[in-house]
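Asker: Following is a predicted model, sequence given first.
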Amino acid sequence: WNQTIPLFLEKMIEYTPGNLKNKKKKAFFINFITDISPKCDCMSYSEAPIVNNVGVLASTDPVAIDQASADLVNQQNALPGTLLKTNLKPGEDKFKGLYPAVDWEYQLDYAQKIGLGTREYQLIRLKTLSYKKQRG
């Protein structure tokens, strides 16, 4: 933990290829974009979510799914009364609003650089019954 933020992020990303080494084309990633709290999931408590629940993403590319997840969060209006005090509008970076000194995109850039995946993605929305009711 006694590292600069970029070095910490690089080390964290470098563990992933080792975990996936013998699982090429066998790994599948699912992100639940729900209850996005302002602090680390490693905490023993959770603050109020900063945006409404977005949904569930699935991909065979761990970098693309994280980029898409971040983009979808940043497209939301922030919820009032949370720890997020800036970057409240759609299109504004909610993560930078919470942690201005942390360049969260650095880890995705680095992951792409070492060949873990790509930041480019195609979002395909599945129109479930719930989705249809919300859209009218």
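Answerer: It's in. All figures in this text were calculated on a predicted structure; none of them were measured in a lab.
Asker: how close does the residue lying closest to Ser59 once chain neighbours are set aside get to Pro80?
Answerer: By the measure of Cβ to Cβ, 6 or more residues apart in numbering, the closest residue to Ser59 outside its immediate chain neighbours is Ile65, 3.9 Å from it. (C-beta placed from N, C-alpha, C; glycine too.) As defined by Cβ to Cβ, to the nearest Å, Ile65 lies at a distance of 29 Å from Pro80.
Asker: Wait, a helix at the residue nearest to Ser59?
Answerer: Yes. Secondary structure assignment places Ile65 in a helix (DSSP: H, G, I helix; E, B strand; the rest coil).
Asker: give the contact list for it.
Answerer: By Cβ atoms under 8 Å, 6 or more residues apart in numbering, the residues touching Ile65 are Phe29, Asn31, Leu57, Ala58, Ser59, Tyr121.
Asker: mind listing what's buried in whatever helix or strand the second one lives in?
Answerer: Asn31 belongs to strand 29-33 when elements are defined using DSSP states H and E. Burial within strand 29-33, assessed by neighbour count using 16 or more other Cβ atoms under 10 Å, is assigned to Phe29, Asn31, Ile33.
Asker: Buried residues, the next helix or strand after that strand. List them.
Answerer: Secondary structure here is assigned by DSSP H and E; on that basis, the next helix or strand after strand 29-33 toward the C-terminus is strand 55-59. Buried residues in strand 55-59, counting neighbours by 16+ other Cβ under 10 Å, are found at Leu57, Ser59.
Asker: thinking again about what came up before, ok, and what's touching the strand holding Asn31?
Answerer: With contacts defined as Cβ under 8 Å, 6+ apart, strand 29-33 is touched by 53-62, 65-66, 69, 72-73.
Asker: Can you give me the neighbour number for Gln112?
Answerer: Summarising burial for Gln112: neighbours were counted as other Cβ atoms under 10 Å, giving 18.
Asker: for Lys21, same thing?
Answerer: Residues near Lys21, counting by other Cβ under 10 Å, number 8.
Asker: same thing with Val54?
Answerer: When neighbours are counted by other Cβ under 10 Å, Val54 registers 16.
Asker: So it is in contact with Ala70, correct?
Answerer: No. When contacts are counted by Cβ atoms under 8 Å, Val54 is not listed as touching Ala70 (10.7 Å).
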